[in-house]
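1. Structure for the following, please:
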Amino acid sequence: MTFTAKDFTRRMERALAQAADAGLTGVLVTPGPDLVYFLGYQPTAITERITMLVLDADHDPHLIVPVLERPDAEAAPGAAAVTITDWADGSDPYAATARLLDPQGRYALSDSAWAMHLLGLQDALRETRYTSITGSLPMLRAVKDAAEVDRLAAAGAAADAAYEQIVTVRFAGRTEREVGTDLARLLREHGHSQVDFTVVGSGPNGANPHHEMGDRVIQDGDMVVLDFGGLKDGYGSDTTRTVHVGEPSSSEREVFELVRLAQQTAFEAVQPGVACQDIDRAARQVITDGGYGEQFIHRTGHGIGLTTHEPPYMVEGEQLPLVPGMCFSIEPGIYLRGRFGVRIEDIVTVTENAGRRLNDTSHELRIVA
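-> Residues are numbered from 1 along each chain as shown. I've put the predicted structure just below:
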C-alpha cells in the first residue's frame, strides 16, 4: 500500500492539533524519520543545506528546500500536500525560512535537526522559542494507523520467517559472525531493504544485551541470544529468541522459563489506558520475584515504526497511557555475567481492549545443533 497526499495531510493536521494542545505555534520538521512520516521524503544527501517542513496554524504547510533538491522534493509522495519554497546557494536560507515563522512563535523541532540550523533560526528570529518533538509531542508518531500496523505486521512476519530458517542451520563449531551473516541474508531474502542489527550472543556473550556478533566459536552447551531487525517497506522489525545448542541444564531452563513468564505477563497487561511504566513493572515483578531482579538491566520495551527504536518507552517513570495503535516491543531479559543471557522479544500493538502480537514464532526454548 502506498501512502497518499491525503494520508500525509491528515498527519500534518493531527500534528498541528497536538501542537495547539501543547501550547505551541507549530512544528518544524527536518530530514529524518519525521520528514518521511509527513511527506514520504528523504533528501538524497542530508547536508549543511537546510531542508525544513514548516507546520503553522496560520498558513498552509510549506517545505523549504535548496533549489538543487527541488525536483526530488516535488516528486515526493506528499508533495501535493505542501507549498514548496526554495533557496539558492549564496542567499540566506534562515531569512527565507524566517518569513514562514511567527516572529514570537514557539515551535516543536525534530530531534534530528542540526544545531547550526537551530542557531541560524534563533539569530534570524530572536523572540522565537524551540522545544524537541519527543519532549513536547511524544504521541506524534507513536499511534499508528491501520496501514502502518499492517506494514509492521508484515515486517514482523518476515523476521519470523528468517528465524524459522536460521534455527535449521548448524550453530556449534561456527562463529557468531557466520550465523549473524546468515541471519542478515535471510532478513533480506524475506523482503527487508535494511538490516539494522543482528545480535548473536553465545555463551557468556549473551550476558551483554548489545553484543551483536563476534568471532567467538559457538560451542555445544551454549545458550545463544538472537536479536535481529531492520526495515521492510519503510517500517521496522525487531524480535529476540533465545536458543540452546544441545540439551540445556536445569538451571538454564529455570532462567529461560522465568523470562518467558515475564514476557507473557507483560503482554497480558497491555490494554488501553494502562501506563507504559506498568508494562515494565509487570515484567520486572516476575523476574524480581524469581530472584533475578538485579540481572534485568534494561527497560522492558520501546516503540517501533519508521525507526526500530522510538517513543513510547516501556520504562519506569513513563506515565503515558497506552492508546490503540501504539506499537512497541516487550523484551524482558536476564543476564548472568560470565555465564549466559536470555531475552524474549515480540512487537505488540494495542487494540481496542488488549494487545496483539506482531511476532508469532514459539516462545519455547528451541534446541539447535
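
2. For the residue of the chain most remote from its centre, list the residues it contacts.
-> Distance to the chain centre peaks in the chain at G90, reaching 37.7 Å (criterion: C-alpha atoms, centre = their mean). Contacts for G90 were tallied using C-beta atoms under 8 Å, 6 or more residues apart in numbering; there are none. C-betas here are computed from N, CA, C, even on glycine.

3. And for I133?
-> If you count contacts by C-beta under 8 Å, 6+ apart, then I133 has V27, D34, A108, L109, S110, D111, L140 around it.

4. which residues in this protein form helices?
-> Along the chain, the segments classed as helices by DSSP state H run 5-21, 33-39, 70-74, 93-98, 115-124, 133-136, 146-166, 176-189, 250-268, 276-289.

5. Name the residues of the last one that are buried.
-> Under the neighbour-count criterion of 16 or more other C-beta atoms under 10 Å, helix 276-289 has C276, Q277, D278, I279, D280, R281, A282, A283, R284, V286, I287 buried.

6. nearest residue to the fourth one other than its sequence neighbours?
-> It refers to I279. Closest residue in space to I279, ignoring its immediate chain neighbours: M314 at 4.3 Å, by C-beta to C-beta, 6 or more residues apart in numbering.

7. what's the neighbour count on the one you found?
-> Residues near M314, counting by other C-beta atoms under 10 Å, number 29.

8. still on that earlier bit, now flag whichever of the buried residues of helix 276-289 is closest to E48.
-> C276 (36.7 Å; C-beta to C-beta).

9. I'd like to check which residues are in contact with the closest residue to the closest one other than its chain neighbours.
-> In this structure, C276 finds its nearest non-sequential neighbour in E318, 4.1 Å apart by C-beta to C-beta, 6+ apart. By C-beta under 8 Å, 6+ apart, the contact list for E318 reads A275, C276, Q277, D280, P312.

10. Go through these and say which is closest to H211.
-> Distances from H211 to those, taken by C-beta to C-beta, are shortest for D280, at 22.4 Å.

11. tally of neighbours for the closest residue in space to the closest one that isn't next to it in sequence?
-> Among residues not flanking D280 along the chain, T300 sits closest, at 4.1 Å (C-beta to C-beta, 6+ apart). Neighbour count for T300, taken as other C-beta under 10 Å: 28.

12. same question, I166
-> Neighbour number of I166 under other C-beta under 10 Å is 23.

13. Could you measure from the residue nearest to it when sequence neighbours are not counted over to F171?
-> Spatial nearest neighbour of I166, chain neighbours left out: L183 (5.1 Å); criterion: C-beta to C-beta, 6+ apart. Counting by C-beta to C-beta, to the nearest Å, the gap from L183 to F171 is 11 Å.

14. what's the answer for G90, then?
-> Distance from G90 to F171, by C-beta to C-beta: 59 Å.

15. and if you look at Y37?
-> From Y37 to F171 the distance is 39 Å (C-beta to C-beta).

16. repeat for E310
-> E310 is 32 Å from F171, by C-beta to C-beta.

17. higher neighbour count, these two?
-> Taking neighbours as other C-beta under 10 Å, E310 and F171 compare with F171 leading, 24 against 21.

18. correct me, but that one touches V179?
-> Yes. Counting by C-beta atoms under 8 Å, F171 touches V179, with 6.2 Å between them.

19. what is in contact with these two at once?
-> I218, V224.

20. Tally up the residues packed near T85, please.
-> Neighbour number of T85 under other C-beta under 10 Å is 17.

21. And the pLDDT at the residue nearest to it when sequence neighbours are not counted?
-> Spatially, and ignoring its direct neighbours in sequence, T85 is nearest to I64 (4.9 Å; C-beta to C-beta, 6+ apart). Note on I64: pLDDT of 96.

22. got it, and M139?
-> 89.

23. same deal with D58?
-> 89.

24. Buried ones in stretch 333-351, by neighbour count?
-> 333-336, 340-350.

25. Against V315, how distant is G303?
-> 11 Å.

26. out of the two, which sits in the busier spot?
-> G303 (24 against 17).
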